[in-house]
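Asks: A predicted structure for the sequence below; I have some questions about it.
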Amino acid sequence: MSKPNFPKNFYWGASTSAYQVEGGIKNNWSSVFDAGRACDHYSRFQEDFGIAKSLGHNAHRLSIEWARIETEEGKFNEKEIEHYREVTQALRERDLEPFVTLWHWTIPLWLQEKGGLKNKKFSFYFSRFAERIVKELSRDVLFWITLNEPLFYATNAYLKGTWPPQKKSIYQYIDILKNLRDAHIQAYQVIKKINSNLQVGIAKNNIYFEGRGINALLQHAADWWWNFRFLDHIKNHQDFIGLNYYFHSRIQGLRFNQNENKVISDMGWEIYPEGIYHVLEDLYKYKKPIYIMENGIADAKDEKRAAFIRDHLRWVRKAIENGVDVRGYFYWSLLDNFEWDKGFLPRFGLVEVDYKTMQRKIRPSAYEYKNIAVDNGLDSDI
Ligand code: FCB
């Protein structure tokens, strides 16, 4: 198939989140998993966007750090709002379409003290913050992601007890999911009231559950529970679906995660590009535009990244050929960054960061991705 073979005006970019890259943030994570200076993106965003531009990107995803904006309950910090205005303008000046996330797992300390996501007024607090930010920045930002991976966060923070606030309670977990769902719906309504043309969605981590024969039943149950329950609840309150895809889970007997692990990333996740195709096909039924908001690999040696991107994109293209309305792909991540409870060890970046000098070094795979973005397509079939 000759190039270009992706849809016209397709968005090519990379994703980041505030806490993982900016540095100097005190929030609900910092006392347990401190990101410290992270990549110092807070003061180097111009340089970093310059790199993204030089790599052929035409879009970029980032998040706003709530803890910077609303340091005290109900008090908004004008200086920090101005900072993010400069950030989004810096993207516009380079013709990088901004995709902005409002909650990427972090909350201000005052809210944590009030019970955080468990607080009955969480959706009120969140939509008030969303309203202020969208009013301030919507001249430059059309695409808004309310929440990043709500289910994944809730599972780790309230069931497994690994992420802050490190709880293990099924009751709290269920409450949290309800609060997050309400938070999304309220924020959606508030944003659409400001300007109904703004495009609002969530970024949802979907796992491809794969079961054969009798296990197919389990597969459907897992899909229903994990991948689609949340989306079904909010389907009338989203203009697009943001998909984060990292891995699959093979079901055998009554056991999940029986993967073959032939090729794995530094995180130990099996590389399974075909999974993105199946997940996209499953999302077809919502009849909404889809943006792949995250897909990436921890690969310090940069040995597998180029093939990882290529292979996933070939499966994405196949889904598009079948009629799935995919409109953008954002690699996770532009820079190496702070990987939550795993710290600085995993290296997801198209760009390597030397955490001592903060120097940036573009990895070879970033140029391969650039070729795809610039050509708006790639050769050879699956
Ligand atoms: C996703 C998160 C993102 C990053 C990647 C590796 O689940 O949204 O912040 O940690 O995993």
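Replies: Perfect, thanks for sending it.
Asks: residues of stretch 182-199 that come out buried?
Replies: With burial defined by 16 or more other C-beta atoms under 10 Å, the residues of stretch 182-199 counted as buried are 182-188, 190-192, 198-199. Bear in mind the C-beta positions are built from the backbone N, C-alpha and C, glycine included.
Asks: so residue 259 touches residue 268, yeah?
Replies: No: using C-beta atoms under 8 Å, residue 259 makes no contact with residue 268, being 9.9 Å away.
Asks: pull the helix or strand with minimum mean pLDDT from the protein.
Replies: Taking mean pLDDT, DSSP states H and E as the measure, the chain has helix 215-222 as its least confident helix or strand, at a mean of 73.
Asks: after it, next one along is what?
Replies: Along the chain past helix 215-222, the next helix or strand (assigned with DSSP states H and E) turns out to be helix 229-233.
Asks: helices or strands up against that next one?
Replies: Under the contact definition 3 or more C-beta pairs under 8 Å, 6 or more residues apart in numbering; DSSP states H and E, helix 229-233 sits against helix 170-194.
Asks: summarise which helices and strands the helix it packs on is packed against.
Replies: helix 122-137, strand 143-148, helix 150-154, strand 199-205, helix 229-233.
Asks: could you redo the last one with a cut-off of 10 Å?
Replies: Helix 170-194 sits against strand 97-103, helix 122-137, strand 143-148, helix 150-154, strand 199-205, helix 229-233, with contacts defined as 3 or more C-beta pairs under 10 Å, 6 or more residues apart in numbering; DSSP states H and E.
Asks: give me the contact list for the fourth one.
Replies: With contacts defined as C-beta atoms under 10 Å, 6 or more residues apart in numbering, helix 150-154 is touched by 103-105, 117, 147, 160, 163, 172-177, 179-181, 183-184, 202-207, 225-227, 229-231, 234, 244, 246, 340.
Asks: got the buried residues for stretch 322-341?
Replies: Buried-residue list, stretch 322-341, by 16+ other C-beta under 10 Å: 324-340.
Asks: that stretch vs the ligand: in contact?
Replies: Yes: contact between stretch 322-341 and the ligand is present through 332, 339-340 (criterion: C-beta under 6 Å from any ligand atom).
Asks: which residue is the nearest non-sequential neighbour of residue 319?
Replies: Across the structure, with C-beta to C-beta, 6 or more residues apart in numbering as the measure, the residue nearest residue 319 apart from its sequence neighbours is residue 280 (3.9 Å).
Asks: next: residue 65.
Replies: Counting by C-beta to C-beta, 6+ apart, residue 65 lies nearest to residue 18, which is 3.8 Å off, once chain neighbours are set aside.
Asks: again with residue 143
Replies: Spatial nearest neighbour of residue 143, chain neighbours left out: residue 99 (4.4 Å); criterion: C-beta to C-beta, 6+ apart.
Asks: now do residue 349
Replies: Distance criterion C-beta to C-beta, 6+ apart; nearest residue to residue 349, sequence neighbours excluded, is residue 336 at 3.8 Å.
Asks: residue 2: neighbouring residues, count only.
Replies: Counted by other C-beta atoms under 10 Å, the residues lying close to residue 2 total 6.
Asks: just residue 267 next, same as before
Replies: By the other C-beta under 10 Å criterion, the neighbourhood of residue 267 contains 15 residues.
Asks: show me where pLDDT drops low in the stretch 101-250 of the chain?
Replies: Screening the stretch 101-250 of the chain residue by residue with the criterion pLDDT under 70, one finds the ranges 213-214.
Asks: can you tell me how far residue 24 sits from residue 356?
Replies: In this structure, residue 24 lies at 17 Å from residue 356, with C-beta to C-beta, to the nearest Å as the measure.
Asks: go on, residue 263?
Replies: Taking C-beta to C-beta as the criterion, residue 263 is separated from residue 356 by 31 Å.
Asks: and what of residue 137?
Replies: Distance of residue 137 to residue 356, computed by C-beta to C-beta: 33 Å.
Asks: so the two - more neighbours on which side?
Replies: Here residue 137 and residue 356 are compared on neighbour count by other C-beta under 10 Å; more neighbours surround residue 137, at 19 against 6.
Asks: quick one: residue 42 and residue 20 touch, right?
Replies: No: when contacts are counted by C-beta atoms under 10 Å, residue 42 is not listed as touching residue 20 (11.8 Å).
Asks: between those two, point out the one with more neighbours.
Replies: The neighbour comparison of residue 42 against residue 20 (other C-beta under 10 Å) goes to residue 20, with 27 against 18.
Asks: what's the strand or helix carrying the more buried one in contact with?
Replies: Applying DSSP H and E as the criterion places residue 20 in helix 18-21. Helix 18-21 is contacted by residues 25, 27-30, 33, 35, 38-42, 44-45, 48, 62-68, 84, 87, 101, 104-106, 332-340, 348-349, 353 when judged by C-beta under 10 Å, 6+ apart.
Asks: measure residue 232 to residue 226 for me?
Replies: Taken as C-beta to C-beta, the spacing of residue 232 relative to residue 226 amounts to 12 Å.
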